[in-house]
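1. Predicted coordinates and the sequence they were generated for:
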Amino acid sequence: MTFMTISSISTQLEQNRTVFDGLLHGKSETEFLWRPEAQKWCLLEIACHLLDEEQEDFKARIKYIFERPEGPMPSINPPAWVTERNYISKDYETVVQSFLEERKQSVIWLREHMSANWDQSIHHAQLGVMSARLFLHNWLAHDYLHIRQIVRLQYAFLKQQGGLNLNYAGNW
């Protein structure tokens, strides 16, 4: 049984657009290029990842399930895109704006497909049978993971750059 409807998830994805807007806009170059460790992503790389995922993963895969359920689904490799697509060379503000616009279009698309067969599924080579509904729920979960990632990154930036004890704020 599912408790979240297609409508409620699309509404949350729309609301998360506002959350991402607030978390990503107005950053200096120092902020959007800062990383706590060499192997961790900076805000620029996170924003690029969000844009590519919005364009080439969740919505695209749901569309694929609706249009070609017999599969096989084309493979993607988001972790490799960071270097393959040279995320670090992109213009931060352009990427953020593109992601926010793409999210707006995704929500419009979702609302146009409320009555689609969300139980339609496809066989994923590594993960087995996956329905359009499963991809939609994972899309929302992906948002939450990256919202958490961005907040953690911004907390670590404040802690390092501020050089002050942040214990008064509460336990992190």
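-> Perfect, I can see it now. Numbers count the residues shown, from 1 in each chain.
2. and Ile122, how many neighbours?
-> 22 (other CB atoms under 10 Å). For the C-beta atoms, the positions are set from N, CA and C on the backbone; glycine is no exception.
3. Next: Trp139.
-> Number of residues near Trp139 (other CB under 10 Å) recorded here: 23.
4. if I pick it, what's in contact with it?
-> Going by CB atoms under 8 Å, 6 or more residues apart in numbering, Trp139 touches Ile9, Leu13, Phe58, Lys59, Ile62.
5. Tell me the spacing between the residue nearest to the third one when sequence neighbours are not counted and Gln12.
-> The reference is to Phe58. Distance criterion CB to CB, 6 or more residues apart in numbering; nearest residue to Phe58, sequence neighbours excluded, is Trp139 at 3.8 Å. Per CB to CB, to the nearest Å, Trp139 is found 10 Å from Gln12.
6. what do you get for Arg148?
-> Distance of Arg148 to Gln12, given as CB to CB: 15 Å.
7. So these two - more neighbours on which side?
-> The neighbour comparison of Arg148 against Gln12 (other CB under 10 Å) goes to Gln12, with 17 against 10.
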